[in-house]
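Participant: Mind folding the following:
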Amino acid sequence: MGGSELRIRERERFLRVGMHSHVKGLGIRDGKVLPSADGLVGQVEARAAAFLIVRMIREGKMAGRAVLLAGPPGTGKTAIAVAIARELGEDTPFVAMSGSEIYSAEIKKTEVLMQAMRKAIGIRIHDFRKIYEGVVTRLNIKYGKHPYNPYQQIPVGAAITLKTKMEERTFEVDELVTGELLAKGVSEGDVIWIDAESGRVTKVGRSKDYAPKYDIGGMRVVEIPDGTIAKEREFVYTVTLHDLDVMHARSGSILSMIFGGREEKEIPSDVRNRVDETVKEWVDNGRAEIIPGVLFIDDVHMLDIEAFSFLSRAMESELAPIIILASNRGFARIRGTEVVSPHGIPLDLLDRLLIIETKPYTKDEIKEILKIRAREENVDLSEEALEELTNIGAERSLRYAVQLLTPARIIAQSKGSNKVLKEYVDEVKKLFVDVKESAKYLKEFEESFLR
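Facilitator: Numbers count the residues shown, from 1 in each chain. So this is what the prediction gives:
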């Protein structure tokens, strides 16, 4: 290349940072709640109670019960719910929804809740399948005339030679497997799996012996497989009960067979019953295991009396997830009635809930939370900026202070600085007002706003 240098630029990754992406667990070591750990700060009593909930879940003692996280806005209720799911395991399903989401014009309220509950229950399926595995040493595609167009040729089969460290064999495959090979772009030197039952081809990577010296395509280089070409391999994959419901509902629909869709949005109860029986059979035969997940319903006071009644009954089901409710309301009217109750929840349901209280954060805890969020959002704060944001969080709200982090960083970058100074925080504070200032503005110009 005439001495020129080939430079490969790595793509910059776009990282989406969520409000609770920093939460990794409850921050408990040897049964002791640490002041700050796993992304959680403070709320010592609430986290200790949540850890007891985790132990009850692991021991199978949560049947017929649910949890209520009650506290003012911005006191970490959602973070604790996420932390409970993290403590239960990496692949524990976590489904979050708001109480207002059940009001849909398309499906019933109880159907929305039922689907959310089924999405929060995972099924880990163990499937042993016979496969042919090896590196492709020879691939010869055979073509024939198209049945409806004699001037066009289509692949009708192939001769493929697979090799492992132990043996080498040649197979004649039909047009189905040939189509898979062409679709996956399989060529000589690729390590592949061929499912003996379905004919599905999986491209594992490029054999080390066939890999080019300089790799600029990001291909995965693998070793030549050991053992025989024909072997049994265990495939482990996780689905939810709702996934199985949808699959069974589609298979029983005439329209879905023709168009690939389902003519009804609600899933019939008999379909769910068949799925439950199938799952129980798999579990009894050792083919699957159930992973109870977490269904988190925020703003639970938005549910009405019908939804609360459904939840009370659903909690007793054999296949029910861990239900965690959250409310920032005090005494409120139960939707659909004239009855006023704590948190807007019926008393008969409240009696079945384990209630965990969250309390406002102290100034030191707010400072620690801001440090964690600044690291998560890649914001370099000066000490004066951190102190100013801490004061804002204590005097106004923690959420408002956290929301100012990224705008302040953008202003700092626009001025050629990598560090957020106090003056940048003051600038974004003038541009974005908090709830109290917004209410004051509304009061001042009340006559100018439409009623």
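Participant: For the protein, give me the ranges with low pLDDT.
Facilitator: Scanning the chain with the threshold set as pLDDT under 70 gives 1-22, 105, 211-219, 251-264, 441, 446, 449-451.
Participant: Look through it and tell me its longest strand.
Facilitator: Using DSSP state E, we find that the single longest strand of the chain is strand 121-145.
Participant: Give the buried residues for that one.
Facilitator: Within strand 121-145, the residues scored as buried using 16 or more other CB atoms under 10 Å are 121-123, 125, 131-137, 139. In this view, the C-beta of every residue, glycine as well, is placed from N, C-alpha and C.
Participant: okay, the residues you listed in TSV with distance to residue 177 next?
Facilitator: As requested, the buried residues of strand 121-145 are exported to TSV (distance: CB to CB, whole Å):
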residue	distance to residue 177
121	36
122	32
123	29
125	24
131	12
132	10
133	14
134	14
135	17
136	12
137	17
139	11
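Participant: just curious, which of those is nearest to residue 350?
Facilitator: Nearest to residue 350 among those: residue 121, at 24.7 Å, using CB to CB.
Participant: I'd say the closest one and residue 239 touch.
Facilitator: No: at 9.9 Å, residue 121 does not count as touching residue 239 under the criterion of CB atoms under 8 Å.
Participant: which residues are common contacts for the two?
Facilitator: Common neighbours of residue 121 and residue 239, counting by CB atoms under 8 Å, 6 or more residues apart in numbering, are absent.
Participant: residues contacting residue 436?
Facilitator: With CB under 8 Å, 6+ apart, residue 436 has these contacts: residue 396.
Participant: any idea how far it is from residue 345?
Facilitator: As judged by CB to CB, to the nearest Å, residue 436 and residue 345 stand 29 Å apart.
Participant: Ok, residue 76 next?
Facilitator: Remark: distance between residue 76 and residue 345 (CB to CB) = 20 Å.
Participant: can you check residue 241 too?
Facilitator: Using CB to CB, one gets 26 Å for the distance from residue 241 to residue 345.
Participant: can you check residue 80 too?
Facilitator: With the distance defined as CB to CB, residue 80 ends up 18 Å from residue 345.
Participant: higher neighbour count, these two?
Facilitator: Each of residue 80 and residue 345 has its neighbours counted (other CB atoms under 10 Å); residue 80 has more, 27 against 23.
Participant: Without its sequence neighbours, what residue ends up closest to the more buried one?
Facilitator: Once flanking residues are discounted, residue 80 sits nearest to residue 50: 5.3 Å by CB to CB, 6 or more residues apart in numbering.
Participant: Verify the stated contact: the one you found with residue 26.
Facilitator: Yes: in this structure residue 50 lies within contact range of residue 26 using CB under 8 Å: 5.7 Å.
Participant: Overlap of the contact sets of those two?
Facilitator: Joint contacts of residue 50 and residue 26 (CB under 8 Å, 6+ apart) are 80, 83-84.
Participant: from these, which ones fall inside helices?
Facilitator: If you go by DSSP state H, these have 80, 83-84 in helices.
Participant: from these, which single one is nearest residue 91?
Facilitator: Ranked by distance to residue 91 (CB to CB), those are led by residue 84 at 14.7 Å.
Participant: Determine the number of other residues adjacent to that closest one.
Facilitator: Using other CB under 10 Å, residue 84 has 25 neighbouring residues.
Participant: Residue 270 now?
Facilitator: 10.
Participant: From residue 121, how far out is it?
Facilitator: From residue 270 to residue 121 the distance is 19 Å (CB to CB).
Participant: likewise residue 300?
Facilitator: From residue 300 over to residue 121 the distance is 20 Å, taken as CB to CB.
Participant: What ranges does the stretch 1-150 of the chain have for its helices?
Facilitator: In the stretch 1-150 of the chain, the helices defined using DSSP state H, counting those that start in this stretch lie at 44-58, 77-88, 109-119.
Participant: the inter-axis angle of the first one versus helix 77-88?
Facilitator: Between the direction of helix 44-58 and that of helix 77-88, the angle (axes from the mean of the first three to the mean of the last three CA atoms, to 10 degrees) works out to 40 degrees.
Participant: got the buried residues for stretch 381-391?
Facilitator: For stretch 381-391, the neighbour count (16+ other CB under 10 Å) marks 381-382, 385-386, 388-390 as buried.
Participant: again but with stretch 57-75, I slipped
Facilitator: Neighbour count says stretch 57-75 has 57, 62, 65-71, 74-75 buried, by 16+ other CB under 10 Å.
Participant: Can you tell me which of these comes closest to residue 143?
Facilitator: Distance to residue 143 across the buried residues of stretch 57-75 (CB to CB) is lowest for residue 57, with 58.5 Å.
Participant: what's the burial count for the closest residue to the closest one other than its chain neighbours?
Facilitator: For residue 57, ignoring the flanking residues on the chain, the nearest one in space by CB to CB, 6+ apart is residue 322 at 5.8 Å. Counted with other CB under 10 Å, the neighbours of residue 322 add up to 27.
Participant: need the contact list for residue 322.
Facilitator: Going by CB under 8 Å, 6+ apart, residue 322 touches 57, 62, 66-67, 84, 88, 120, 292-295.
Participant: got the phi/psi numbers for it?
Facilitator: Residue 322 adopts backbone torsions of phi -80, psi 120, taken as degrees, to the nearest 10.
Participant: again, but for the one 4 residues further on
Facilitator: Geometry field for residue 326 lists phi and psi as phi -140, psi 140, criterion degrees, to the nearest 10.
Participant: Surely it touches residue 84?
Facilitator: No: with contact taken as CB under 8 Å, residue 326 and residue 84 are classed as non-touching, separated by 11.8 Å.
Participant: Quick check: the residue nearest to residue 62 when sequence neighbours are not counted vs residue 49, distance?
Facilitator: Of all residues not flanking residue 62 in the chain, residue 56 sits nearest, at 5.2 Å (CB to CB, 6+ apart). For residue 56, the distance to residue 49 equals 11 Å [CB to CB].
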